[in-house]
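[1] The sequence and its predicted three-dimensional model are supplied below.
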Amino acid sequence: ILNVEQSPQSLHVQEGDSTNFTCSFPSSNFYALHWYRWETAKSPEALFVMTLNGDEKKKGRISATLNTKEGYSYLYIKGSQPEDSATYLCAPYNNAGNMLTFGGGTRLMVKP
Amino acid sequence: DVKVTQSSRYLVKRTGEKVFLECVQDMDHENMFWYRQDPGLGLRLIYFSYDVKMKEKGDIPEGYSVSREKKERFSLILESASTNQTSMYLCASSNPGGPNEKLFFGSGTQLSVL
């Protein structure tokens, strides 16, 4: 089982603040990195799938970067809004297990 | 709108009961998965299936079994429920494209075993 760590575990910010969190994973045998957003009482939804070192993806105010050599990805949220409140999960795909392994998630709460 | 539907949002069962969690997807996906989510532990893979009547163990299969008789339906079975199986259970499906294929999730079943 891969060791996937997300930090922080939880985060409280004010509306309008920008924030970022980290996903760390083993760099060996890397294939892809997924980010999902999971709002309370809803289904987790895919945000990004990233594969190349140096990849940067953007969706509205949310962006992510990937460093496969050192084994980490950052997720950034610019100008947080209350609707961004959710748990953000990362999951690397590693060819040793041929499946996604999820981190523990970062729970973001944005206060209006 | 594509969907993964789990039969129950909340379920309360007694220790020793046999429990069935049902999942249906309407996207004609080959792959289906069952995860459980516990605070601080992330999603852990219980079982998955790449085809009808096919199943593979995930990271934590003990105490569970699965059934996939039809492509769209993947059932998780707790043969004899125990209190340590109290958890949020998530079903997911995907296309068989490998690492780049994103998962589509159901909204989860919160199971409490008393």
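    Here it is on my side, so go on.

[2] now for whatever helix or strand residue A:32 lives in, which elements pack on it?
    Per DSSP states H and E: residue A:32 is located in strand A:30-38. The criterion is 3 or more CB pairs under 8 Å, 6 or more residues apart in numbering or on different chains; DSSP states H and E, and the helices and strands that strand A:30-38 contacts are strand A:45-50, strand A:72-77, strand A:86-94. For glycine as for every other residue, the C-beta is placed from the backbone atoms N, C-alpha and C.

[3] Go ahead and flag the most central residue of chain B.
    By CA atoms, centre = their mean, chain B has its centre lying nearest to residue B:34, at 2.7 Å.

[4] Partner strands of the least confident helix or strand in chain A by mean pLDDT, with direction?
    Here the helix or strand of chain A ranked lowest by mean pLDDT, DSSP states H and E is strand A:99-100, holding a mean of 86. Here strand A:99-100 is paired, per DSSP bridges, with strand A:86-94 (antiparallel).

[5] now the angle from the partner strand to strand A:45-50?
    Calculated by axes from the mean of the first three to the mean of the last three CA atoms, to 10 degrees, strand A:86-94 forms an angle of 40 degrees with strand A:45-50.

[6] by how many degrees do strand A:86-94 and strand A:72-77 diverge?
    Going by the same axes, to 10 degrees, strand A:86-94 makes 150 degrees with strand A:72-77.

[7] mind checking how far strand A:86-94 is from the chain centre?
    Centroid separation for strand A:86-94 versus its chain: 5 Å, with CA atoms, centre = their mean, to the nearest Å.

[8] for it, what is the average pLDDT?
    Throughout strand A:86-94, pLDDT has a mean value of 93.

[9] Buried residues, that strand. List them.
    A:86-94 (16 or more other CB atoms under 10 Å in any protein chain shown).

[10] wait, which of those is closest to chain B?
    When the buried residues of strand A:86-94 are ranked by distance to chain B (CB to the nearest CB), residue A:93 comes first, at 3.9 Å.

[11] Who is that closest one paired with across the strands?
    residue A:32, residue A:100.

[12] residues contacting it?
    A:30-34, A:99-100, B:98-99 (CB atoms under 8 Å, 6 or more residues apart in numbering or on different chains).
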